[in-house]
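Chemist: Sequence and predicted model, in that order:
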Amino acid sequence: MPLDEDLVAAIYREHGTALRRFVLSASRDPHLADDIVQETVLRVWQQAPKVTGSMRSYLFRTARNIMIDNYRKAQRRPLEAENRDIADPEEATGRVDDLLNKVLMEEALLRLSSEHRDVLVALHYRRFTVGEAAVQLNIPSGTVKSRAFYAVKALRTVLDEMGVER
């Protein structure tokens, strides 16, 4: 049974822009991106899924699957595929997976406390040593270590809640 139209409109208002950015970063074709976003929202409307984790994560996975399906359809019609300048399937799938992982990680990091997020960003993204992170964050080195330990545990919990599998 399809979802209520008002609920679907609210989902689109809340997640449509981020979903379009995600699809555009993979396809670079604004018309194709619009089509994929519309197909994603249409599937949510028609299928009325029971989303236990993040709706945004679910939408991104659905859009990713639609992009892969579109690529596979294009491969079955080689003449059309030549005109669309479609990349290697391994590369395209890898790029989409990388983008999805990046978006999921950003969303997960935003759910952490600022103290935990700051330590993880300093150590894992900026590649600071514990000493450099301590100076940058103006906290003792021992605090950096303990926050990093608990931040990784909290991040794993958040990712589990979002339905991200290892």
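Modeler: Sure, I can see it.

Chemist: residues making contact with stretch 131-148?
Modeler: With contact meaning C-beta atoms under 8 Å, 6 or more residues apart in numbering, stretch 131-148 is reached by Glu115, His116, Asp118, Val119, Leu120, Ala122, Leu123, Phe128, Val130. C-beta here means a position set from N, CA and C on the backbone, and glycine is covered the same way.

Chemist: And these, which of them are buried?
Modeler: For the contacts of stretch 131-148, a burial check counting by 16 or more other C-beta atoms under 10 Å picks out His116, Asp118, Val119, Leu120, Ala122, Leu123, Phe128, Val130.

Chemist: Kindly reformat the residues you listed as TSV containing pLDDT, distance to Arg28 and secondary structure.
Modeler: Formatted as TSV, these follow (pLDDT from 0 to 100; distance: C-beta to C-beta, whole Å; DSSP: H, G, I helix; E, B strand; the rest coil):
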residue	pLDDT	distance to Arg28	secondary structure
His116	94	35	helix
Asp118	94	33	helix
Val119	94	35	helix
Leu120	92	31	helix
Ala122	92	33	helix
Leu123	92	33	helix
Phe128	93	34	coil
Val130	93	40	helix
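
Chemist: Could you export those to TSV, including columns for distance to Val158?
Modeler: Shown next, in TSV, are the buried ones among the contacts of stretch 131-148 (distance: C-beta to C-beta, whole Å):
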residue	distance to Val158
His116	10
Asp118	16
Val119	15
Leu120	11
Ala122	18
Leu123	17
Phe128	22
Val130	23
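
Chemist: which among those residues gets closest to Gln75?
Modeler: If you rank these by distance to Gln75 using C-beta to C-beta, Leu120 comes first, at 39.2 Å.
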